[in-house]
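1. fold the following for me, if possible:
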Amino acid sequence: MEPETKQSVYHSMPFHAAGTAMMSFKPINSIHQHLCAFHVYSQDRSRHVEAHHYCKHLSPDFHQCIIYDSDSPNAKLIGIEYIVSEKASIFTTLPLEEKKFWHSHKYEVESGLLQLATKSLVPGTATDAAEQPAMLELQKTYGKTIHTWAIDISPELPLGSPNLMVSYTADGQGPPEHMVQKRDAEWGQDTAAKRELRKGYLPPYEKADGADEWEKTHRGVKFDVNEVAL
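-> Numbering: from 1, shown residues only. Here you go, the predicted model:
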């Protein structure tokens, strides 16, 4: 068989099926949580991205998430997020220089913006019940999020430097209402109703010192490329 003929098989369905049968996907198969939220660029608060997090809990206090732009089979992998809890004092013991890369989840949770993304046949009441343990936990966590694909301005290819992404800490910061409405319609959710429901079970919580440093400095973080001698 000619090399070109062999190579042509690479993108065929039989070759993909053979790969599925022959190979292990243990890290991917261990993912057990799908969270949907919105991220905003640290250096540009006018740019918002819907983010679908597929997460694995490496421990009760450390989670790692792969981020896609949707839940479709052809969704684009746009970034990663690491999540740490406050309970094990992980975030509070980070150096101040490191904390500038991390954001709190308090407002995301309390506002209803952060949601469990359940299958379409799951009733909303069941989703709300399943969310309660998750939101009680996530309210007191902190995330470090890097997007490697600026999907909003370069939808075809992941061009340019990675971007630090952060979240929201108060009303009026975003995301735009039309993005929230579109997400809610697609997933059969109601962000405003979740906000009211969560008031009934989330305890008062003050986030840790050093979180969301941009609120004090009014400065974002931008990654620049610096070439170095080899």
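
2. give me the number of residues near residue 165?
-> Neighbourhood size, residue 165 [other C-beta atoms under 10 Å]: 25. Every residue, glycine included, has its C-beta placed from N, CA and C.

3. that one sits in which helix or strand?
-> For residue 165, the enclosing helix or strand under DSSP states H and E is strand 163-166.

4. which other residues reach that strand?
-> For strand 163-166, the surrounding residues in contact (C-beta atoms under 8 Å, 6 or more residues apart in numbering) are 39-43, 49, 51, 79, 101, 103, 145-147, 150, 212, 214, 220-223.

5. among the residues you listed, the buried ones, what's the PyMOL command?
-> One line in PyMOL is enough to select the buried members of the contacts of strand 163-166, burial here meaning 16 or more other C-beta atoms under 10 Å:
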select buried, resi 39+40+41+42+49+51+79+101+103+145+146+147+150+212+214+220+221
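
6. hey, which strand is longest across this structure?
-> In terms of residue count, the longest strand belonging to the chain (DSSP state E) is strand 44-59.

7. and whichever helix or strand comes after that one, what does it pack onto?
-> Moving toward the C-terminus from strand 44-59, the next helix or strand (DSSP H and E) is strand 62-68. For strand 62-68, the helices and strands in contact under the criterion 3 or more C-beta pairs under 8 Å, 6 or more residues apart in numbering; DSSP states H and E are strand 44-59, strand 77-85, strand 141-147.

8. let's see it at 7 Å
-> For strand 62-68, the contact count by 3 or more C-beta pairs under 7 Å, 6 or more residues apart in numbering; DSSP states H and E identifies strand 44-59, strand 77-85 as packing neighbours.

9. what's the angle between it and strand 77-85?
-> 160 degrees (axes from the mean of the first three to the mean of the last three C-alpha atoms, to 10 degrees).

10. buried sites along strand 62-68?
-> 63, 64, 65, 66, 67, 68.

11. strands paired with the strand holding residue 165, and their directions?
-> strand 33-41 (antiparallel), strand 141-147 (antiparallel) (DSSP bridges).

12. for the record, mean pLDDT for the first one?
-> This means strand 33-41. Across strand 33-41, pLDDT averages out at 97.

13. other residues contacting stretch 35-49?
-> 50-53, 55, 108, 113-117, 145, 147, 151-152, 163-168, 173-176, 179, 183, 187, 220-222 (C-beta atoms under 7 Å, 6 or more residues apart in numbering).

14. okay then, goodbye and thanks.
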